[in-house]
Every structure is written in structure tokens, then in C-alpha cells.
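> Give me a model of this one.
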Amino acid sequence: MRITLTIAFTLLVSLFATPAASAAAPILVVKSSAHPYSGYVEEILRAEGLNGFQSVDVNGVTPELLAGYDVVVLGDVPVTAGQASTLSGWVSAGGNLVALSPDPALAGLLGLAPTGGALDDAYLAVDTTRPPGAGIVAETIQYHGRADAYALQGATAVATLYTDAATPASSPAVTLRSVGGNGGEAAAFTFDVARSVSLTRQGNPAWTGTDRDGDAPIRTNDLFFGGDEPHWVDLAKIDIPQADELQRLLANVITYVSRDRAPVPRFWYLPHGEAAAVVMTGDDHNEGGTEGRFEQYKAASPPGCSVVLWECVRSTSYIYAEPHLEPLLTAAEANAYVAQGFEVAMHPTRGGCTNPDADVFNAAYAHLQVFATRYPGVPAPATSRFHCVSWPDWSTHAKVSVAHGIRLDTNYYHYPPAWGDIGGYMTGSAEIMRFADADGSTIPLYQAHTHLNDETMNPAQVGVAINRFLDAATGPDGFYGLVTANMHTDQVTSAGSDAIVASAKARSVPVVSARQALEWTEGRDGSSFADVTWSGGRLGFTVNAGPNTTGLQGMVPLNGATGRLQSVSRGGIVVPVTARTIKGVEYGFFAAVPGRYEAQYEVQGASAAVGDRRAPSLRLSAPRRQSLRKVVRRGVAFRVSCSEPCRLTARLTARIGRRTVVLGRKARNLQANRRVRIVVKVTRRGARRLRRAHPARIRLHITARDASRNTRTVVRRIRLLKPR
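Now for the predicted structure:
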């Protein structure tokens, strides 16, 4: 028997030993129809722009199939001993496995030893001192679902389970293990990321159908409001998009384990490389403010702006279409606004603020026919918010919406009023993603959390919250995404709306309608990377762009298996590339128009042959003294030039106790001898530490690296002036 097993393993290794030079996609998702959450992995990969994947049922996994892929993401599905052996052979030959809530049969491959027990709906902390955790939020964050308890047995921990926000458990949450001598790696999430992301976004299934906050009707927020129990979202963590950070950790792990194989291309979240956008909506209860509000947004838009490029301030107004009510707009007015980029859609209602069942929902959405009759030429509503955001159970409302042609839902609403001064990510997300049903199967309806509304927040609270959202997205936190607002259009004027538009314009953040956000997301999800090849430092791939994706940007890792990215070309013509660090990973961004691309990476030894061993020189002008208040509010500004084209990285640090704490980071590409002004802003966490410890000085570290990877670092001490 021992000889037979040895021969079988040797045959598996020989099948996998030479990875395919070409594959339709670099990532294979392994799922099972009997375990629908395993299919939700696809939704997460699309949301993270990892659109170069194919899927297979676990029963279809064979050595021949695996040989064509660099990474396998294995959903929460059971595997047989034979399937575990097949995966082990593939990883030993150089493949990379990422297993979610892995079957115990894979524990040995993953370098884990089951210890018995589990930890439900708790917390985890990511090791942010090294990849793949670098760039992810350093605070503990929640996960939902069950995490199995393991001991490390050859693996290393990327993240650790916590029983509460401050108490570490003795078990890992995410692990990595190198396998064999061919570069294979096996990563494990000891809980199901797909289930956790879905439950974090949609609430506690056990609270379905109950009015937990005592404010009728049953709403979406009742799935999050704890009452006498802990809230589903820890209010101390509500300013962190916890679901987004978790799936971005998954994306980092996929990119990291692929570092010795073909670099994995991705799509950026928003058009033109934007870090954030505001989705502006308003409900008009037949009071007539829609037209005046639209005119305000037109006046706030830059002259000659382009709706397609998201340059104009645009919005959605949800209006009644009940037969007994007079129309708010004429058909001509509605069509004119739609032609200018606004969305006029329906605000369904039936019986006021009640707990509708499926029949009542269907009757309310039947008013779509009245809407169509009143506004011929206006597109049929594809986005919606129901009156009083009624949501009586887990998915009835979602399924009825789909049956009536609705494709994006904004009913997940920041509520109750007691949460008005705690603006944040109730659903743990600023991404638009599809719903999952109670069994984990995907519902073809996008969820956009309404982060801001003028029912629970006064204008001052709206102003504070929108500034925090947009700063978190555009600043070092990297909480990228779409912030959705409901500033009611009953009245022409809205101080909350004014605050949001002012904040967005001050940060050059687009303000768009719900339909614009929907069509962009659908088009991006429908885009793909295909026919991926990797040979001699050349990454080849085809971009297939979906509709409504003007401004779609692709991104490839700057560091490949053979060296640094040198260029990206489409059809043989070099295209511009911009370097950005995203969640701790350096990427090259490029305009992802349809076509065949080649990313050329440095082949080791090529730069040494050129003989450039001289580090770039820097000319730096930075403050020697600065007030603590100014550092916290505005960061540290300096001017710098580099003697040759270089990649410049700046860090602010402080010595607090025995630790050196990073307060903020900034990276930028510099042209030769071009003096530029750079501002390194302090993160919220860094600001808290500075105010608490008030060190005597901080340090500004500036590192320049040229194309030959020669580096020079300059450190400038900055004395912090005491407040008078």
C-alpha cells in the first residue's frame, strides 16, 4: 500500500510540474451547488476587480484542470480524501490554494491542526507589519459566521482570532504555508469569507421579521439593532468598512501567493481611478422639490461638464406614482432631466409605513405601469427605495424587486435616530454588491447601503459624516467606494445636500445618480481579463470591457516573479502607467479599453547589465518645527525633487513608548529634477495617538527608488510645538 501511494503522489507531481504557459484565467473558483455560499466567492472577486477567474464544481476538479491555473480559491465545501490528495499534489508542484473554512481533510496541507471547538461572530486582527496584511486596517474587525479552532503546525498566522474587540484567542484566523520546493503555497481562512461578507452586509438572520428598535415598521436596520443584545455592527467599529477590508485581505492573499507566478491583473473600483464617489438620491413624497433640486445640482456643476465622465453633479429623485396623486413633473420635464443625466424613478408605497407581505409589495410595484404611462420615454426604473424602507423578512422584498425589473436597492438605511451622530458603515461596506439569500445563493439585485440620510442626521451631522467618509476614502485609510445619501427632495433646499456637494467638490469627488452607479457597477462586473499568458517576464491578457465603463482602469502588480514592471502596451503601443499603492500592494494603473495587452517585467540581471548602481539624490525642503494641531489637521507638507525619475515614498513616524508608530504614508512617482509639493496626512488612529502621547518630535522618512532599484533615504526630524 505504501508503494502504491508513493507512485500515485509521484504521478500527481509529474502532472503538475510544468505549469501551463497560457490559461483562460489565472484564478479557479471551486464551489458546490449544495453549498451556495461557495458561489458568492465570485461576487467578492468581481467586487475586488479580480475578473480573471473561472469556476468549477468541486466534483469536476482534476489534475489536468488544475494544471491550467495559478490560484485556486476553494469555497466552503467538503472535499473527499481523493480531492484533498489532488489539491495537495497540485500545491506541491507549485500551485497556490486559498481555502475558505477548509474541510479538515486539508488541515495537513494547510499546516494546521484542529483543536476542537469554534468561535462564532467574533473579531480578528490582521498582522499589518508584513504582506499580505500590510495595508489592511490594523484595528480588530468583526467577522460573522463560525471560525474553527486550529493550532499552527507549519503555517504562519496572517490574522488572529479575537473573542472580543480586545482579547486575542489562541487560534489563527488567516494562515499561510509554503509547500514543497516549487513555490506552492496554501492559505487558509478559518471561517467562510463569503458568508461573513454577506452577513456583515445584510444583518443577523436570527433577527429576521422582528421590530427590534421599537420604531415601526420592520426595517432593514432591525437586522442590525441589538436592543438588549450587542448590535450586529459594533458601534465602536462602525467607522471601518469591515466587510470591505475583509474581502480586500482576501484579494491581497491571492496577489501575494501568486508573486512567483503570473501577476494577477485587476480592475479598479471606480471610473478614472477615483477613490470615492457620492451616490445622491432623494425621496419626494409628492411635495414637489424635485425640479428645483435638480436645478441646484445643475448650477453646482462645472460649465461644459460631461455626465459620461462623472464630471456633473447629478442625482436620483424617487417620486410617487400612485394613481390618485397628480404627477410631480410633466413627461417633457422628466425626459429633459433624464437627457441631462438625472434619474427620475419611482418611490413605491402601499398603505403607508406598514409591514407588507409579498402581495402588498407586488401591488406597490405594479404602479410601475402608472409611472410608464405618465412618463413615456423615461427609462423604466431600475433603482428603488421603498417608502419607510419596509423590509419585513430576509429576502421577500429583494425578490419582488427583481421580479419588477429593479436591479439596485437602496433600502438598507442608516437607522434608528439614536445612531444619527454615529455616521458610518452600518453594513460594513461602501461597495455595491448583490444580495445573498438565506441559503447563500446570489440574488440578482445590487445592495447600496444608504450611509447618510436627513431623517436620523441633522445638517451638521451630515457634514461631519461626509467629510469623514470622503477623507477615509481619499486618504491613507484607503476605504474606497461609493457613499450613498438620501437627502429628501420634498423641498427644493436641503442643508444636508449642500454640505455633501460642498464636501465632494472640495475633494474633487464625483456626485452621481443611483442609475449611474448601477450601470457602472454592472459594466465593471461584466468586464473580464481573458487569455492570460506568462512567459519570459511578459504578462499577456485581453481586456473585455462591459457597457458603461468609460474610465475603466486596469491594474497590474508592479513587482512580478522576474522583476519590476517596465511597461504596459496595447496592440504593441506603450500606454501610460501610474503607480499607486493599494492596501499595501504596489500596482501600475492603466486605461483598460478593450484590446490585447502585454505587461513587460524586468528580467533579473537586466538592470545589473546596465551598470547603474548610483542612488538618486534628493533636494528637500521640509519644516523643522510645526504645531501638533497643524500636523493633526493638515499633515506635513514638504517640497522635494529627485535627480532622476524615481518612486518616492514618504512616512511620518513617532516614537511612542517603546514603539515606533507610523502616523501616515504617501507615495508618488517623480520626474527628473521636477520640484513638487507633497502632503503626508495623519490617519485618524495616528491623530489619536499623537494627542494622547504628545511626543516632542516626529520624523519624516523619505525614500527614493530609481528604475534600477537603487534607493536613497532621508530622515527629517520635526519638533512639535506645545500648544499655548
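> CA only for contacts and neighbour counts going forward, please
Noted.
> Tell me, how many residues neighbour Ala637?
Ala637: 14 surrounding residues under other C-alpha atoms under 10 Å.
> my guess is it meets Val679, correct?
Yes: at 4.2 Å, Ala637 counts as touching Val679 under the criterion of C-alpha atoms under 8 Å.
> Which parts of the stretch 201-350 of the chain are strands?
Assigned by DSSP state E, counting those that start in this stretch, the stretch 201-350 of the chain shows strands spanning 266-267, 276-284, 316-319, 343-346.
> Looking at these, which is nearest to Val543?
strand 266-267 (9.9 Å; C-alpha to C-alpha).
> Which secondary structure elements does that closest one sit against?
strand 553-557 (3 or more C-alpha pairs under 8 Å, 6 or more residues apart in numbering; DSSP states H and E).
> May I have the strand it packs on exported as CSV, CA atoms only?
Taking Å, rounded to 0.1, in the frame of the first residue of the first chain, the C-alpha atoms of strand 553-557 are listed here in CSV:
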residue,chain,number,x,y,z
GLN,A,553,-8.8,51.3,-15.2
GLY,A,554,-6.8,48.1,-15.0
MET,A,555,-4.1,47.4,-12.5
VAL,A,556,-1.2,45.0,-12.5
PRO,A,557,1.3,44.4,-9.7
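> Neighbouring strands of it in the sheet, and parallel or not?
strand 266-267 (antiparallel), strand 585-591 (antiparallel) (DSSP bridges).
> quick one: contacts of that strand?
Under the contact criterion C-alpha atoms under 8 Å, 6 or more residues apart in numbering, strand 553-557 has outside partners 263-268, 271-273, 565, 585-593.
> and it, how far out from the chain's middle?
Centroid displacement of strand 553-557 relative to its chain, using C-alpha atoms, centre = their mean, to the nearest Å, is 15 Å.
> Compile the strands paired with strand 553-557 into JSON lines and extend it with columns for mean neighbour count.
Shown next, in JSON lines, are the strands paired with strand 553-557 (neighbours: other C-alpha atoms under 10 Å):
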{"stretch": "strand 266-267", "mean neighbour count": "26"}
{"stretch": "strand 585-591", "mean neighbour count": "21"}
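> can you give me the helices in the stretch 51-200 of the chain?
Remark: helices assigned in the stretch 51-200 of the chain by DSSP state H, counting those that start in this stretch are 63-66, 81-92, 107-110, 193-202.
> Of those, which is nearest Gln600?
Within these, the stretch nearest Gln600 is helix 63-66; the backing value is 25.8 Å (C-alpha to C-alpha).
> Measure how far that closest one is from the centre of its chain, please.
The answer for helix 63-66 is 31 Å, by C-alpha atoms, centre = their mean.
> Counting neighbours, which bits of it end up buried?
Across helix 63-66, burial judged by 16 or more other C-alpha atoms under 10 Å covers 63, 66.
> Looking at the strands paired with strand 553-557, which is nearest to Thr703?
strand 585-591 (15.0 Å).
> Neighbouring strands - and their directions - for the helix or strand just after the closest one?
Using DSSP states H and E, the helix or strand that follows strand 585-591 towards the C-terminus is strand 595-601. Sheet pairing of strand 595-601 (DSSP bridges) gives strand 538-544 (antiparallel), strand 565-570 (antiparallel).
> what sits up against strand 595-601?
Outside strand 595-601, the residues touching it (C-alpha under 8 Å, 6+ apart) are 537-544, 559-560, 562-572.
> Just the buried positions in it, please.
Buried residues in strand 595-601, counted by 16+ other C-alpha under 10 Å: 596-601.
> nearest residue to the residue nearest the centre of the chain other than its sequence neighbours?
The residue lying closest to the centre of the chain (C-alpha atoms, centre = their mean) is Asp244, at 4.6 Å. Spatial nearest neighbour of Asp244, chain neighbours left out: Ser429 (5.4 Å); criterion: C-alpha to C-alpha, 6 or more residues apart in numbering.
> Need the phi and psi values for the one you found.
phi -150, psi 150 (degrees, to the nearest 10).
> again with Ala262
Torsion angles, degrees, to the nearest 10, at Ala262: phi -70, psi 130.
> how about it, what does it touch?
Contacts for Ala262 (C-alpha under 8 Å, 6+ apart) come out as 26, 70, 533-534, 539, 560-561.
> Tell me which of these fall in strands.
533-534, 539 (DSSP state E).
> Most neighbours among those residues, which one?
Most neighbours among the ones in strands among the contacts of Ala262, by other C-alpha under 10 Å: Leu539, with 23 neighbours.
> quick one: contacts for it?
Contacts of Leu539 by C-alpha under 8 Å, 6+ apart are 262-263, 532-533, 598-601.
> any idea how far the residue nearest to it when sequence neighbours are not counted lies from Ala485?
Leaving out its chain neighbours, the residue that sits closest to Leu539 by C-alpha to C-alpha, 6+ apart is Ala599, at 5.0 Å. To Ala485, Ala599 is 39 Å away according to C-alpha to C-alpha, to the nearest Å.
> same thing with Pro63?
Separation of Pro63 from Ala485 (C-alpha to C-alpha): 49 Å.
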